[in-house]
Structure formats: structure tokens, C-alpha cells
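this one's structure only:
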DNA sequence: ATCGCCGATGTAAGCGCTTACATAGATCGC
DNA sequence: GCGATCTATGTAAGCGCTTACATCGGCGAT
């Protein structure tokens, strides 16, 4: 094997490997893309030469020639939420298995940022896109569709959505959780939730709660509704505020577990007994939730599964399949220790 | 403006835009890369044509021609740890500002996986790399160095490391925390820590603890040392195991906050009073730590800062600078509620 | 033996973009 | 008013790879 490096400083190119292995660049390329088309002896020679000079096909070159980038993009609000981090981790793993690279971008709940990120990814030649939520500027979806690339919306599953989606019905989920509290006997229920503006998932959640209450002739009083950033701290201050209202709710539904954790911790810090004095529910079942005392009643969502399914769907599209619409995932109610029947004073009448 | 699309199905190319704007492709390229070199009138024409046909420079093509990919890679153990997620988020943001795209890969604490990931990224033409930790196979660093691309190791800052690093001295940090406990009067100290094998950061932490104890003529007894996955659950079971030994430690140092949270929760569940019966310390200051009751005594590390610095360092390298070695970050001890003087029986003598 | 066929390899034309170099007006000084 | 000097634009040569097509042997069938 005569693999003297050709131009010392420069990284090797396919032609260098070809020269070293005494074959053409076509054969080198075939060895890496269609090995079965190359005689074993030659294949070994090429592999040896490549390894000796540390060569690997240069992605930009092959992307250009092949007209495929082998890159897909994930557009999420933030990695600071364990839920999205899990989804991204799962997608990354699923794609890596197929030799596909994941491009990540966090739009921080800013719709303009999301549009910008998507366009940047399109310029990068992503072959597919996964996007959290469907409440985005129309031009976001328009620019994806203009490129005719497959995409999937995650965490939403609104019946009648025009997008392929991997998620669950947020409205239904919160209907379920509200119903749970209602069935336990609660009638005055507070809600601590993320900003609904520009967030379809959250809006649907609130909607689900209202619908469930309405079915029993109840509603969420304005003073019992707190909307703000999903953080433990906002959960804390909200529960404090809600408990200072009249009438005092016997239960609080939180838009996610971070809020619920805050609510739980603050309620306990205030000397309340949970769930006796106040029931609290969360959503997502983040890692800490089951650990608290009492452990949080919440709904479990399999975020890794969402990531995996989104990846599988996109992968199928890239194989040229036209996968059927996926059935929604169904979050499961996890009854733990923070929701129980209210400890009501004896009812009059 | 006569921008009839040339080949209907196909995405537009620079030449299409050039035709529409009645200029050459060189000018189109300049408009997007060196706008100041193009007369304003023409610039507008090109921009208008590009917008009309939804054209953006194709990254693979320009990467090839420019011999720059504008991609950098981040190699981390997992996104499931809030610490790394934060670092990645910060890097992504810093790079996005400069038009650089972040490629992500999670090696799940598997060294072979890390080597593989790095090589895949190199093939993708990353221009720089950030890698968590320095305990990696030699070929990992060898292949990066062979490409002569800048890289930085994060979360480690071993004096004398051959790599550029953005991190802190793990040994020193744990020396500090152990010293804190020692100064409080603890003499029997347990340790719950992540696997040290193949993890330089963790090994250094344990080392720091041992060194601090040794300075007082103390040591960690084997039955007081628990090594395992960093999870809340492992923290729980470890504290239970350690409390069943003899002598019972009066304090437990945990390798990170997840372990410490588990230890704290379990100790309380066992009916112990923390810190009276047992002091517990963590490391990282994750979001939940300050929220617990009592709030966790730990060391704060600014993970966003690490991400930002790593990004800035790499960016500087890409600008051709040869940035000076960065001083280590210094984690700060956060004295909260889980570490106090031991409640010892009156000492004999 | 000869022909045709097939499988293994090589040849060369791009993929879409950037940029060194060439060119052609415009501008300026004298 | 003329050449020297700029500046704005165009021309065309790649960047590193893939792949359709051409080629070349070798083999089985006749």
C-alpha cells in the first residue's frame, strides 16, 4: 500500500484515497455507499487506505452530489424543560442509528425566533423538521411546505390539525384531570398555568379544564386563575395568591409539574396539609414529582416516546413512505398523594 | 421584475435568482455575503428576487465552496441532566447569534460512543468541537487534532491538562465542600458519588474529598462510600445503606445534586432531621435544590456561563485568534439548610 | 472457438455556491 | 481631454463527492 499523503497540511480527499488504493474515486465512493458493489479484495484495500489516511467522506460534498443532507432539525422552546430535553435526546438517538444528524434550535417561546430558526434550518438543507406545538406564524409552516419537506408537530394533537403530529390531546388530558378532581368532590378549583398566548398546547389545557367544570355547572373564577411563566417560583407565588382569595379553592390544577411542585412546596411551607387542605395536580410527571412528599398526582407523558415516534415518522417519510396519521398518545393519570377528596365543612342543606 | 420560476418543481438556485434580477451569480453571492460590495440599487433587486422565489444560499454548496461549514459540534453525556442541557442551550444561543449551527450528540457516558460521535461530526465538517470531560479514548482527541480544528473540554479544569478547557477544578471544589463539613465539626463523613470509572470529573471529586479528610487525619471508610448512577433513587438507597453502617456518618457528601436530593428526601422519609441528624451536601445547584425543605447546601456552578465561554472560546479560535487559556470558573459554596454542626453526644475526654 | 451478457471498474459530468481574476465604465488629476 | 486608478460586475474555475454511462474482461452457451 503506497499511501504517501499527497498535500501534507490538507485533509485527505477521496482522490487521495483512490490513488493510495490504486482505484478510481468512483470505487472509493462505492465502498462507502454501496459496499456490495465492490469486490471484497478491493474493498479491503480501499478501507485500509482510508483508515490509514484518516479519510471519511466529506458531508458537504456528498450532500451536494447526492442532493441529500442527512440532516434533520428539531425546533423546541427550550432545553431547560426536562420534557423537551427528553424528546430531543430520544430523537437524537433514533436518528443517529440511521446516520442522520440532528440540528437543534431553541426558540424560547418566541414565535419570530421560531420562524427565523426554521428558515435557517431550511437553508442548511434539513430534510425534515420536528417542531414543538402548532401555534406558530403561518409563514413558518408556509416556508416548510414550500420546500416540500416532511415535518411533524410534537406535543399537540388537536383533532383536525392540518399537520402531522405526535402528541396527545392537551384539552382531553386536562379534561381528564379536572374530572378527576371533580369526581373527588372538589367544586372550587384554581388553575395555575403557563401563558396561553401563542401557545396552543396551553390554551387547550385551560380549555379542557373549563369544559370539565362547565359540565358540572362550575367555572374557574378569575381570582383563581393565575397565568405566568412555568417555574417553580411562579407556582409558589401563585398558590399563595390563590389561597388569599375568597372563596378559597380546595384544589389547584397546574399547567405542568414545575408549577405544581412550586405549589406543593409553598403550600406545605405555609403549613397546609396536602392533600387534606388543598389538592394539587401537575402535568408531565417530571423526575422530581414522584419523589416529593407527598408525591405529586399528575399525568404521565412519555417524552422519549414522543421523540422516538416523531423520529420514526420523519424517517419513514424520508424513505418515501407516506405514513398514516398517528393515533394520539394518551397521557395517563398518575394518582399519587396530592389529590384527595376535599376536607369540607359539613355541607348545609 | 421578471422572476418566472425556471423549473417548477425544483427549489430555486442562485442562478435563477441571478436571472430574475438580471445579474450574475457572483453578484447574488455577494449580496448575501458582502453586501457592501454591491450597489444599493442592484442589491435591492437581488434581495427582492430572492425573496420572491424564496431563495436562500444552500448551505452544502457554500460550505463546499467556502471551505467552511459554519457548524460546530457539542458532545455531551446526556440531556437528561439539567447541567448539560443548560450548557448546550447557552452554546446554541451564542452560536446562533453568529450564524453558526450547533450539532448535538449524546454519548451516554459511553466512551466508544463518544469516539464514534466525534468522528461523525468531523465527517460533517464541524469547524470546532466542545466536549464534556477529558476522560476519553486517546483516539478521540487524536482524530480532532488530526483535523486541526479547535476544541474545548468543558466541566473539567485539571491543572496541567493538555486541552483548552472551560470548567472548574473538580478536585478543588470537593475539597472545599469537604472542608466546609470538617470545619463544621464532622469527622465521620459518607460519600455518594457517580461512577468514577471513565469519568475524570468524578474521580477528581472523590479525590478532593479524600484529600481534605486526609489533611485532618481522616478518611472515607469503605462502607461509607457508595458509587453508582447519578439518580435521585440511587441517592435514596445509598443514604439508607450508609445509615445502616457502623459508625453512622454525621454527614454525607454527594457527587451531585440529584444524589443529594435523593439522600435528603430519603433521610427525611426515614424520620431523620436534616441537618441535625445528618448533614447532606450536593453539587451543581440544580433548580430544585433551593426549593426543598430544608434547601440543599451545595455548590453553585453557572452552567450557562460554561456554555457561553466555551462558545466564545471556539468562536475566537474560528476568527483566527489564539485565545489565552481561560482561568477556571470557581463554583461557589451555597450554604443553605442541609449542612450544620453535627449533633454529637458529648465527647469523651 | 465465438458471441453475448453480466458484473466490476473507470470516466466525467455535475451538485450549488464562492471568489480570484478579468473587464468595463466611471472618476480624477493635470 | 487622456491615461491612470478605482469600483462595480461578470467569467469561470473549482470545492469533494456521487452516479449515469461507458468500458472491459471473463464466462457460459452455442
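Sure thing, it's come through. From a predicted model like this one, the values you see are computed outputs, not experimental measurements. Residues are numbered from 1 along each chain as shown, chains lettered A, B, ... in the order given.

just checking, what packs against the helix or strand where residue A:242 lies?
For residue A:242, the host element (DSSP states H and E) is helix A:232-243. Contact analysis of helix A:232-243 by 3 or more C-beta pairs under 8 Å, 6 or more residues apart in numbering or on different chains; DSSP states H and E lists strand A:189-193, strand A:225-227, strand A:251-254, helix A:257-269 as its packing neighbours. (C-beta placed from N, C-alpha, C; glycine too.)

which outside residues touch whichever helix or strand comes after the longest one?
Looking back up the chat, that one is helix A:257-269. Note on helix A:257-269: by DSSP H and E, the next helix or strand toward the C-terminus is strand A:279-281. Outside strand A:279-281, the residues within contact range by C-beta atoms under 8 Å, 6 or more residues apart in numbering or on different chains are A:177, A:180-181, A:184, A:186, A:239, A:250-254, A:260, A:263-264, A:267, A:274, A:296-299, A:338-340, A:342.

in strand A:279-281, what's buried?
Across strand A:279-281, burial judged by 16 or more other C-beta atoms under 10 Å in any protein chain shown covers A:279-281.

interface residues of the stretch 51-200 of chain A facing DNA strand D?
Taking C-beta under 7 Å from any atom of the strand as the contact definition, the stretch 51-200 of chain A meets DNA strand D at A:55, A:57-58, A:60-62, A:64-66.

how about a cut-off of 10 Å?
A:55-68 (C-beta under 10 Å from any atom of the strand).

Nearest to residue B:196 among those residues?
residue A:56 (33.0 Å; C-beta to C-beta).

isn't residue A:298 right up against residue A:285?
Yes. Between residue A:298 and residue A:285 there is a contact under C-beta atoms under 8 Å: 4.9 Å.

shared neighbours of those two, which are they?
With C-beta under 8 Å, 6+ apart as the test, residue A:298 and residue A:285 both reach A:257, A:334.

List the residues that contact residue A:267.
By C-beta under 8 Å, 6+ apart, residue A:267 lies in contact with A:239, A:243, A:274, A:277-278, A:280.

For those, give me CSV that also has pLDDT.
Shown next, in CSV, are those (pLDDT from 0 to 100):
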residue, pLDDT
A:239, 97
A:243, 96
A:274, 93
A:277, 95
A:278, 97
A:280, 98
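
Could you tell me how many residues sit around the residue of the stretch 201-349 of chain A found nearest DNA strand C?
Proximity of the stretch 201-349 of chain A to DNA strand C (C-beta to the nearest atom of the strand) peaks at residue A:318, 17.7 Å away. Using other C-beta atoms under 10 Å in any protein chain shown, residue A:318 has 17 neighbouring residues.

go on, the one 10 residues further on?
Close neighbours of residue A:328, defined as other C-beta under 10 Å, add up to 18.

How about the stretch 101-250 of chain A: which residue is closest to DNA strand D?
residue A:125 (13.0 Å).

which sections of chain A are below the confidence cut-off?
In the predicted model of chain A, residues A:1-9, A:344-349 satisfy pLDDT under 70.

buried sites along stretch A:56-72?
Within stretch A:56-72, the residues scored as buried using 16+ other C-beta under 10 Å are A:56-60, A:62-64, A:69-72.

Quickly name whichever of these is closest to residue A:217.
Nearest to residue A:217 among the buried residues of stretch A:56-72 is residue A:72, at 48.2 Å by C-beta to C-beta.

Tell me if I'm right that that closest one and residue A:131 touch.
No. Residue A:72 lies out of contact with residue A:131 (C-beta under 8 Å); the separation is 11.3 Å.

about what we covered before: show me which of the residues of the stretch 51-200 of chain A next to DNA strand D neighbour chain B.
A:56-61, A:63-64 (C-beta under 8 Å from any C-beta of the partner chain).

Make CSV from those and add distance to residue A:92 and secondary structure to it.
Listed next are those as CSV, based on distance: C-beta to C-beta, whole Å; DSSP: H, G, I helix; E, B strand; the rest coil:
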residue, distance to residue A:92, secondary structure
A:56, 20, coil
A:57, 21, coil
A:58, 22, coil
A:59, 17, helix
A:60, 21, helix
A:61, 24, helix
A:63, 19, helix
A:64, 24, helix
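
Tell me the secondary structure at the residue of chain A found nearest DNA strand C.
Residue nearest to DNA strand C within chain A: residue A:26 (3.1 Å; C-beta to the nearest atom of the strand). Secondary structure, DSSP: H, G, I helix; E, B strand; the rest coil: residue A:26 is helix.

And it, how far from chain B?
19 Å (C-beta to the nearest C-beta, to the nearest Å).

quick one, what contacts that residue?
Applying C-beta under 8 Å, 6+ apart, no residues qualify as near residue A:26.

could you give the angle of the helix holding residue A:242 to strand A:189-193?
For helix A:232-243 against strand A:189-193, the angle by axes from the mean of the first three to the mean of the last three C-alpha atoms, to 10 degrees is 150 degrees.

Next, the buried residues of helix A:232-243.
For helix A:232-243, by 16+ other C-beta under 10 Å, it's A:232-240, A:242-243.

can you put the residues you listed in TSV and add distance to residue B:324?
Rendered in TSV, the data for the buried residues of helix A:232-243 read as follows (distance: C-beta to C-beta, whole Å):
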residue	distance to residue B:324
A:232	39
A:233	38
A:234	41
A:235	44
A:236	43
A:237	44
A:238	47
A:239	49
A:240	49
A:242	53
A:243	54
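
Out of these, just show me the ones up against DNA strand C, please.
Of these, not one also sits near DNA strand C (C-beta under 10 Å from any atom of the strand).

tell me which of those is nearest to residue B:195?
Among those, and counting by C-beta to C-beta, the member closest to residue B:195 is residue A:232, at 29.4 Å.

thought the closest one was touching residue A:258?
Yes. Between residue A:232 and residue A:258 a contact is recorded at 5.5 Å, counting by C-beta under 8 Å.

show me where the stretch 101-250 of chain A has strands.
Taking DSSP state E, counting those that start in this stretch as the criterion, the stretch 101-250 of chain A contains strands spanning A:101-106, A:128-132, A:151-154, A:165-166, A:189-193, A:225-227.

so which of those gets nearest residue B:329?
The nearest among these, by C-beta to C-beta, is strand A:101-106 at 22.8 Å.

can you give me how far the closest one is from the chain middle?
A distance of 12 Å separates the centroid of the chain from that of strand A:101-106, by C-alpha atoms, centre = their mean, to the nearest Å.
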